[in-house]
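Novice: the sequence and its predicted three-dimensional model are supplied below.
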Amino acid sequence: TKLVPCEAEYTDNNSIVVRIPRNFYMDTKPYYKYGDWYLGSGNKTIKISLGNVDDSAAKAGDGKGSSHL
C-alpha cells in the first residue's frame, strides 16, 4: 500500500475531480465498491476514499466517470 498525494475539487453537489500525479494515470473509468471509488488497470489499483458516501447515489453514478490527462 502506498499513499498517493492528490487534490480533490467538488465541481457541484454530485461531482468531484480528483487530481493525482501523472505517473499514476490509468486509462480507465472509476468504479464504486464497498464505500470507496477505485481506478484499476492490470495489477495496479488506486482507491479513492471520500469518507461517508450515500451508497445509493454513488451506485447510480458508477461507471459514468472518466479518467484523463
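Specialist: Great, that's in hand. These figures come from a predicted structure and were not determined experimentally.

Novice: can we go C-alpha only for contacts and neighbour counts from here?
Specialist: Will do.

Novice: so what's the residue count around P30?
Specialist: 21 (other C-alpha atoms under 10 Å).

Novice: how near is the nearest residue to it once chain neighbours are set aside to V18?
Specialist: Leaving out its chain neighbours, the residue that sits closest to P30 by C-alpha to C-alpha, 6 or more residues apart in numbering is L39, at 4.8 Å. Between L39 and V18 the computed distance is 11 Å (C-alpha to C-alpha, to the nearest Å).

Novice: these two - which one has more neighbours?
Specialist: Per other C-alpha under 10 Å, whichever of L39 and V18 has more neighbours is L39, with 20 against 12.

Novice: give me the element that one is part of.
Specialist: strand 36-41 (DSSP states H and E).

Novice: tell me the mean pLDDT over that strand?
Specialist: In this model, strand 36-41 has an average pLDDT of 86.

Novice: do stretch 20-29 as well
Specialist: 85.

Novice: and the end-to-end length of it?
Specialist: 15 Å.

Novice: my read is that S41 contacts T28, right?
Specialist: Yes: between S41 and T28 there is a contact at 6.9 Å, judged by C-alpha atoms under 8 Å.

Novice: the protein: helices as residue ranges?
Specialist: 55-60 (DSSP state H).

Novice: quick one: residues contacting the residue lying closest to V4 once chain neighbours are set aside.
Specialist: Leaving aside its sequence neighbours, V4 sits nearest to I20 (C-alpha to C-alpha, 6+ apart; 7.1 Å). Residues near I20 by C-alpha atoms under 8 Å, 6 or more residues apart in numbering: V4, P5, C6, E7.

Novice: I figured D55 hits D36, correct?
Specialist: No: using C-alpha under 8 Å, D55 is not in contact with D36, being 9.4 Å away.
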